[in-house]
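Peer 1: need a structure here:
(one chain, ligands or ions: 1)
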Amino acid sequence: MSLKNAPQPGSTDPSIIRNFCIIAHIDHGKSTLADRMLQLTGVVDERASRAQYLDRMDIERERGITIKSQAVRMPWTVPADNAAGAEPGTYVLNMIDTPGHVDFTYEVSRSLEACEAAVLLVDAAQGIEAQTLANLYLAMGADLHIIPVLNKIDLPSANVEKYAAELAGLVGCEPEEVLLTSAKTGVGVEALLNEIVKQTPAPVGDADAPARALIFDSVYDTYRGVVTYVRVVDGKLSHRDRIKMMSTNAVHEMLEVGVISPEPVKAGEIGVGEVGYLITGVKDVRQSRVGDTVTSQHRGATESLGGYKHPNPMVYAGLYPIDGDDYPTLRDALEKLQLNDAALTYEPETSGALGFGFRCGFLGLLHMEITRDRLEREFNLDLISTAPNVVYEVALDDGTEVEVTNPSEYPDGKVAEVREPVVKATILAPSDYIGTIMELCQLKRGNLQGMDYLSEDRVEMRYTLPMGEIVFDFFDQLKSRTKGYASLDYERSGEQAADLVKVDILLQGEPVDAFSAIVHRDAAYSYGVMMAGKLKDLIPRQQFEVPIQAAIGARVIARETIRAIRKDVLAKCYGGDISRKRKLLEKQKAGKKRMKNIGSVEVPPEAFVAALATTQPAEKSGKK
Ligand SMILES: Nc1nc2c(ncn2[C@@H]2O[C@H](COP(=O)(O)OP(=O)(O)OP(=O)(O)O)[C@@H](O)[C@H]2O)c(=O)[nH]1
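Peer 2: Take a look at the predicted model:
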């Protein structure tokens with residue numbers, strides 16, 4: 001069907017609109033399926049435009065903005081004799097993208113809120129993974145209708161029977177009701193589109209009420225400013241409106257309203273149940289936040305849609321340029337990233353060991369890693385990051401409470417109680433590994449909350465765990481203990497009091513702030529021994545002996561010594577080649593300039609990088 005004849009935005013009857021998302025574990029085929037749907041619905045032409053569309057994404061990727069379209073509008077005509085039994089006719093499908101990873105749970109929940117159904121896509125050769133489950137629970141929490149689909153049925157290793165049963169057991173349907181697709185060959189995708197029409201409830205809203213639209217994504221574009229993606233719940237938003245953000249009452253000029261199909265298409269207005277974008281001339285995503293409700297300034301709604309949450313960083317780390325001269329570049333780079341990232345926070349910080357840098361707040365480990373990666377790649381920076389830590393609430397004997405986001409700020413006074421954040425974790429693994437996983441969780445102070453068999457050889461284990469342990473090396477250890485077969489997902493779940501202490505690392509009696517850590521008392525000794533041992537190997541010998549100590553307050557709990565030696569760079573230079581000697585001496589001098597000085601001890605920046613690389617990358621199971 002030609003897009004020109006498709007139902008137009010602003011005048012689309014909600015009864016023909018279907019809003020859905022696809023939830024899947026990484027690599028189970030979400031992007032391929034989405035591409036296939038764009039082709040089948042004629043939004044992207046199979047030969048020419050597909051290549052073009054992908055090119056466009058490359059450019060976007062290079063510019064570091066939208067990696068995927070956040071929401072695409074697709075017309076779809078259901079034929080008379082469809083197997084799904086859907087009413088024949090032309091429909092408007094809005095496919096809404098959800099960020100995949102746990103760090104962005106709140107963003108995921110808002111994208112889900114904008115839909116009425118979720119396609120639960122599972123690889124027919126892999127089965128259900130932890131991330132599939134976590135997102136499924138969120139979708140069920142949002143009351144979405146779930147459409148179970150097994151993908152990659154073309155693979156020789158596909159085990160349709162086994163995983164259809166697993167999936168059916170999970171969502172509570174018959175195995176025959178699980179749809180089968182190959183996003184790669186296209187098999188089953190038309191049938192899936194018909195099923196989406198049949199099974200997804202049409203949106204319901206009051207067309208005559210004051211406008212209310214949910215912001216489910218907000219993206220900074222260099223050329224157009226902030227592009228805000230919304231789902232209209234009541235009333236309509238017109239390009240003539242001035243709009244109001246209900247959490248702040250800030251009013252903005254509306255410059256453009258439209259839908260994405262797959263290029264932005266301007267529209268006069270968008271109405272009940274429709275999904276589209278707004279451009280309002282705001283320059284920073286903080287002014288147009290995910291979860292907020294948009295209304296019109298004139299005759300606006302008085303009650304928001306609810307559910308708005310301010311993003312709060314959960315993991316903090318210090319970022320320092322290896323070369324001190326890069327500090328202004330780092331500051332500018334963080335400022336630029338913040339334009340497109342409402343959750344990133346930073347403030348200047350000085351470290352005795354590392355010099356000038358920033359204390360940055362992130363939603364989680366993956367968010368931290370993405371940010372750091374972008375700073376290094378896009379802004380050409382070499383960075384040292386301190387070990388990530390969570391936020392602790394410390395109550396002192398005199399009744400004052402402090403929030404500690406940096407171990408070096410840990411109060412010296414008498415501490416009455418320390419509270420740490422806790423997460424609910426879901427671990428999925430082959431049942432052979434139950435023992436080793438339990439052992440690991442015990443070691444990390446976890447509490448088993450429940451365990452279910454998904455099939456005869458796969459289990460879901462639910463634990464509560466201190467978040468501080470997860471940001472340390474939990475995921476690395478889980479992967480190595482289960483040969484990579486376990487998957488992990490977690491969400492924040494309150495606080496608990498814990499016996500935590502600050503361990504300082506001292507070089508020649510001087511504490512090195514970058515190495516201080518807040519750890520459980522039982523783990524303090526092993527942290528001290530590990531750090532002292534590492535540093536002994538990493539710090540080059542000096543002309544004098546250097547003691548390395550780990551201490552809790554004034555009490556030393558571990559000690560190593562770096563023996564004295566003069567590093568003679570000329571030792572290997574036989575003969576009298578004076579120019580080569582000079583070169584070596586100059587090289588040594590340049591190296592010295594980059595050295596960080598702790599008291600009189602010279603530490604190469606590489607030693608900090610290596611010593612601080614104790615934490616693991618988070619599971620890369622989504623992009624944002
Ligand atoms: N054989 C086969 N391969 C498929 C199918 N669908 C996707 N793939 C392949 O599986 C890999 C992952 O597919 P993607 O669509 O990128 O998966 P995704 O879930 O979007 O992954 P992320 O975007 O990285 O989260 C790619 O190499 C695809 O070509 C399918 O139906 N059959």
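Peer 1: in this protein, which spans are helices?
Peer 2: With helices called from DSSP state H, the chain shows them at 30-40, 48-63, 105-113, 130-141, 160-171, 189-199, 327-339, 365-378, 434-443, 467-469, 475-481, 521-538, 578-594, 605-612.
Peer 1: Give me the helices and strands touching the third one, please.
Peer 2: Helices and strands in packing contact with helix 105-113 are listed as helix 130-141, strand 212-221; criterion 3 or more Cβ pairs under 8 Å, 6 or more residues apart in numbering; DSSP states H and E. Placement of C-beta: from N, CA and C, glycine included.
Peer 1: Just name the most buried of the helices of the chain.
Peer 2: Counting by mean count of other Cβ atoms under 10 Å, helix 467-469 has the highest mean neighbour count of those, with a mean of 25.
Peer 1: Next, the contact list for the closest residue to Gly364 other than its chain neighbours, please.
Peer 2: Counting by Cβ to Cβ, 6 or more residues apart in numbering, the nearest residue to Gly364 once its immediate chain neighbours are dropped is Asp103, at 3.4 Å. Shown in contact with Asp103 (Cβ atoms under 8 Å, 6 or more residues apart in numbering): 362-367, 618.
Peer 1: circling back: mind telling me which of the helices and strands packed on helix 105-113 the model trusts least?
Peer 2: Looking at these, the lowest mean pLDDT belongs to helix 130-141 (a mean of 83).
Peer 1: so how far is Val189 from the closest residue to Arg289 other than its chain neighbours?
Peer 2: Take Arg289 and drop its neighbours on the chain: the residue closest to it by Cβ to Cβ, 6+ apart is Ala342, 5.5 Å away. Ala342 sits 35 Å away from Val189, taking Cβ to Cβ, to the nearest Å as the criterion.
Peer 1: for Tyr277, same thing?
Peer 2: Distance from Tyr277 to Val189, by Cβ to Cβ: 26 Å.
Peer 1: Identify the residues contacting Ser493.
Peer 2: Per Cβ under 8 Å, 6+ apart, neighbours of Ser493: 422-424, 464.
Peer 1: I'd assumed Leu170 was in contact with Leu136.
Peer 2: Yes - at 7.2 Å, Leu136 counts as touching Leu170 under the criterion of Cβ atoms under 8 Å.
Peer 1: Which members of the contacts of Ser493 are positioned in strands?
Peer 2: Among those, the ones falling in strands (DSSP state E) are 422-424, 464.
Peer 1: Those residues: which ones sit near the ligand?
Peer 2: Residues of these in contact with the ligand (Cβ under 6 Å from any ligand atom): none.
Peer 1: mind putting these in CSV, pLDDT included?
Peer 2: Formatted as CSV, the ones in strands among the contacts of Ser493 follow (pLDDT from 0 to 100):
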residue, pLDDT
Val422, 95
Val423, 92
Lys424, 91
Thr464, 96
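Peer 1: Out of these, which is nearest to Gly42?
Peer 2: Lys424 (43.2 Å; Cβ to Cβ).
Peer 1: Check the residue nearest to Gly364 and give its pLDDT.
Peer 2: Reported pLDDT for Asp103: 70.
Peer 1: Point me to the residue of the stretch 451-600 of the chain nearest the ligand.
Peer 2: The minimum distance from the stretch 451-600 of the chain to the ligand, using Cβ to the nearest ligand atom, falls at Ser487 (13.3 Å).
Peer 1: Contacts only, for the closest residue to that residue other than its chain neighbours.
Peer 2: Excluding the flanking residues, the one nearest Ser487 by Cβ to Cβ, 6+ apart is Ala130, at 3.7 Å. By Cβ under 8 Å, 6+ apart, the residues touching Ala130 are 25, 426-428, 460, 486-489.
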